[in-house]
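Undergrad: need a 3D model of the following:
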Amino acid sequence: MGLSCVYTDLDGTLLGRGSSLFRDAEGGFSLAQARGLEACHRAGVEVVIMSGRREPQVHELARIMGQKLTELWGQPVVISNVAGAGGSIGASRAAKAPADGHTWLMTTNSPLTTNLALYKSLDYDTPVPAEIPATQPHFESPRGPSVELIKLLREKSPLQISELMHLSDKLSALNVARYQAWAGKSTPKNARQAAFAFDGDVYGGLDARSLTPTELAWAQEHVCILSGLYGLLRPLDLLQPYRLEMGTPLANRHGKDLYAFWGSRIAEHLNERLAADRTPVVVNVASQEYFKSVDRKALKAKFMAPAVKQ
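TA: All right, here's what the predicted structure looks like:
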């Protein structure tokens, strides 16, 4: 399967009521979506617009889109229309395109397709039961650490991201688009609960979908997830798609990497969470790369690290 990045047509079907290509999920004016397209264009990704609307409407949408992208990129943009069958023909063509990173699918929600290979260790496709609650990340706020990191990442080109994170051109373009689309506040429309979004080996062992409401509530109070972008997450904290490993040497105002950036903040937040415990204990099952972000000297708790042997 080729690079099939889910986007939306100009009426904003997937962005929320009153939204569009140039508006965010809350309806305010934003160039984030267009900048995401621009990042992919710079990486050589072809833009294909398709819709289940009638042919004249599709051509009009393509004309407007081509005009806007031409203005934005400063060079002629020609968009191919693939209409019919409620969008299924266009989705099928994108799905069968060569896996060379040069196909971009723009569609409504009915033929929605996503290349799972692009969301390494992230699952944003399997539905989360509606009754599962969602909470806000501690370090996510309009002027919080997560926003500060996103601003730094938005300044970088796909090539710079590729060199910084050792990614292919295709994945670097995808993540630049993610940074541009990242919103200052996570909502059920743009994010999902961390325990249900992460999909690596550890989270397969956690198997959040098998937990009862009581067990999830216990995990919410006792389990912490270290994150390069979010610092520290609870299982039900909302998580937007991103890639920023803790060991990334991203220079910032605090130093040369994310360990300098987070400093003692993660440990101090753990102390706040453990303050009510009479005998606070932290059991570390994270990798060394991630747990280095916890300042052991600032941590006011007994520390345990199980030894994992083959």
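
Undergrad: so where do the strands sit in the stretch 201-310 of the chain?
TA: Along the stretch 201-310 of the chain, counting by DSSP state E, counting those that start in this stretch, strands occupy 225-227, 231-233, 238-239, 281-283, 302-304.

Undergrad: the second one packs against which elements?
TA: Where contact means 3 or more C-beta pairs under 8 Å, 6 or more residues apart in numbering; DSSP states H and E, strand 231-233 is packed against strand 225-227, helix 265-274. (C-beta placed from N, C-alpha, C; glycine too.)

Undergrad: of those, flag the one that's most buried.
TA: Scoring these by mean neighbour count under mean count of other C-beta atoms under 10 Å gives strand 225-227 as the most buried, with a mean of 22.

Undergrad: which strands or helices does that one pack on?
TA: Other helices and strands packing on strand 225-227, by 3+ C-beta pairs under 8 Å, 6+ apart, are helix 194-197, strand 231-233.

Undergrad: pLDDT-wise, which helix or strand of this protein ranks last?
TA: None of the helices or strands of the chain scores lower by mean pLDDT, DSSP states H and E than strand 47-49, at a mean of 56.

Undergrad: how does this structure divide into domains?
TA: Per the record, the chain has its domains at 32-118, 145-304, by automatic domain parsing.

Undergrad: mean pLDDT lowest where, among those?
TA: For the domains of the chain, mean pLDDT drops lowest on domain 32-118, to a mean of 63.

Undergrad: now do the same end-to-end measure for stretch 188-207.
TA: Using C-alpha to C-alpha, to the nearest Å, the end-to-end distance of stretch 188-207 comes to 20 Å.

Undergrad: repeat that for stretch 282-295.
TA: 13 Å.

Undergrad: list the contacts of the residue nearest to the spatial centre of the chain.
TA: With distances taken as C-alpha atoms, centre = their mean, residue 241 lies nearest the centre of the chain, 1.0 Å away. The contact partners of residue 241, by C-beta atoms under 8 Å, 6 or more residues apart in numbering, come to 119, 122, 124, 178, 197.

Undergrad: report the two of the residues you listed separated the most.
TA: Longest distance between any two of the contacts of residue 241 is 12.9 Å, between 178 and 197; criterion C-beta to C-beta.

Undergrad: the two: which is more packed in?
TA: Neighbours per residue, other C-beta atoms under 10 Å: of residue 178 and residue 197, the larger number sits with residue 197, 23 against 20.

Undergrad: hmm, the more buried one is touching residue 126, no?
TA: No: using C-beta atoms under 8 Å, residue 197 is not in contact with residue 126, being 9.8 Å away.

Undergrad: hang on, the earlier thing: can you add distance to residue 256 and give the strands of the stretch 201-310 of the chain back as CSV?
TA: Formatted as CSV, these follow (distance: least, C-beta to C-beta, whole Å):
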stretch, distance to residue 256
strand 225-227, 19
strand 231-233, 18
strand 238-239, 26
strand 281-283, 26
strand 302-304, 26
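
Undergrad: what angle separates whichever strand or helix holds residue 152 from helix 265-274?
TA: Here residue 152, judged by DSSP states H and E, is contained in helix 145-154. Helix 145-154 runs at 160 degrees relative to helix 265-274, counting by axes from the mean of the first three to the mean of the last three C-alpha atoms, to 10 degrees.

Undergrad: packing partners of helix 145-154?
TA: Right, helix 145-154 is packed against helix 169-181, helix 258-262 by 3+ C-beta pairs under 8 Å, 6+ apart.

Undergrad: list the buried residues for it?
TA: In terms of neighbour count (16 or more other C-beta atoms under 10 Å), helix 145-154 has its buried residues at 145, 146, 147, 149, 150, 153.

Undergrad: mind listing what the second one touches?
TA: In other words, residue 146. Taking C-beta under 8 Å, 6+ apart as the contact definition, residue 146 lies against 137, 139, 140, 229, 230, 231.

Undergrad: kindly recompute the last result at 6 Å.
TA: Going by C-beta atoms under 6 Å, 6 or more residues apart in numbering, residue 146 touches 139, 140, 229, 230.

Undergrad: I'm done for today, thanks for sticking with me.
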